[in-house]
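Asker: just coords:
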């Protein structure tokens, strides 16, 4: 009698369920501010992750904010701007009392925040860093900010985000 040493088992592909509980949502829960969590189909190949998130959520791009990690005079700073805008490094440096600013390398951003690029949230970062929010974002009743996972956003009042983060608002875009 011959027994097959290896019989392939055909299984259905597993669906990975996205957790709606992250360090970001935990920080927001502890703060007591009102927020909702929204999942969307994340496209890592999109030209603009922020604009793709806005389109997937059916929201205007200026209400979906992107979180960027930068260096101001060599020190980490988290920057939150509308997804349809670009950060002015000159304005950022001035707002943070520095002389120069530049984007942080992706690997350094992941190490500093504890989040993967495309899922970096200003909430619940591994290490506390200064945070700046584009002042135009404060004009909205509610905005969307990354919830600490690719394809996951929180919706909340921008003033609440400002308070929870201890952030400063300033004109930061070009």
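Answerer: Perfect, thanks for sending it. Keep in mind that this is a model prediction, so the values were computed, not measured.
Asker: what residues are up against residue 172?
Answerer: If you count contacts by Cβ atoms under 8 Å, 6 or more residues apart in numbering, residue 172 has them with 79, 81, 87, 88, 91, 92, 95, 132, 133, 134, 135. No exception for glycine: its C-beta is placed from N, CA and C like everyone else's.
Asker: give the next helix or strand downstream of the lowest-mean-pLDDT helix or strand in the chain.
Answerer: When each helix and strand of the chain is scored by mean pLDDT, DSSP states H and E, helix 49-57 comes last, with a mean of 93. Using DSSP states H and E, the helix or strand that follows helix 49-57 towards the C-terminus is strand 65-72.
Asker: what packs against that following strand?
Answerer: When contacts are defined as 3 or more Cβ pairs under 8 Å, 6 or more residues apart in numbering; DSSP states H and E, strand 65-72 packs onto helix 49-57, strand 75-82, helix 89-95, strand 101-103, helix 106-113, strand 143-149.
Asker: got the ones you listed as a markdown table, with mean neighbour count and distance to residue 155 columns?
Answerer: Below are those laid out as a markdown table (neighbours: other Cβ atoms under 10 Å; distance: least, Cβ to Cβ, whole Å):
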| stretch | mean neighbour count | distance to residue 155 |
| --- | --- | --- |
| helix 49-57 | 20 | 9 |
| strand 75-82 | 22 | 14 |
| helix 89-95 | 19 | 25 |
| strand 101-103 | 17 | 26 |
| helix 106-113 | 16 | 21 |
| strand 143-149 | 26 | 5 |
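Asker: out of these, which comes closest to residue 128?
Answerer: With respect to residue 128, and counting by Cβ to Cβ, the nearest of those is strand 75-82 at 9.5 Å.
Asker: which outside residues touch the closest one?
Answerer: Here strand 75-82 has contacts from 50, 61-71, 87, 92, 96, 98, 101, 104, 112-113, 122, 125, 127, 129-134, 136-137, 145, 161, 167, 172-173, using Cβ under 8 Å, 6+ apart.
Asker: circling back: and residue 30, which of the helices and strands packed on strand 65-72 is closest to it?
Answerer: Nearest to residue 30 among the helices and strands packed on strand 65-72 is strand 143-149 (14.0 Å), distances taken as Cβ to Cβ.
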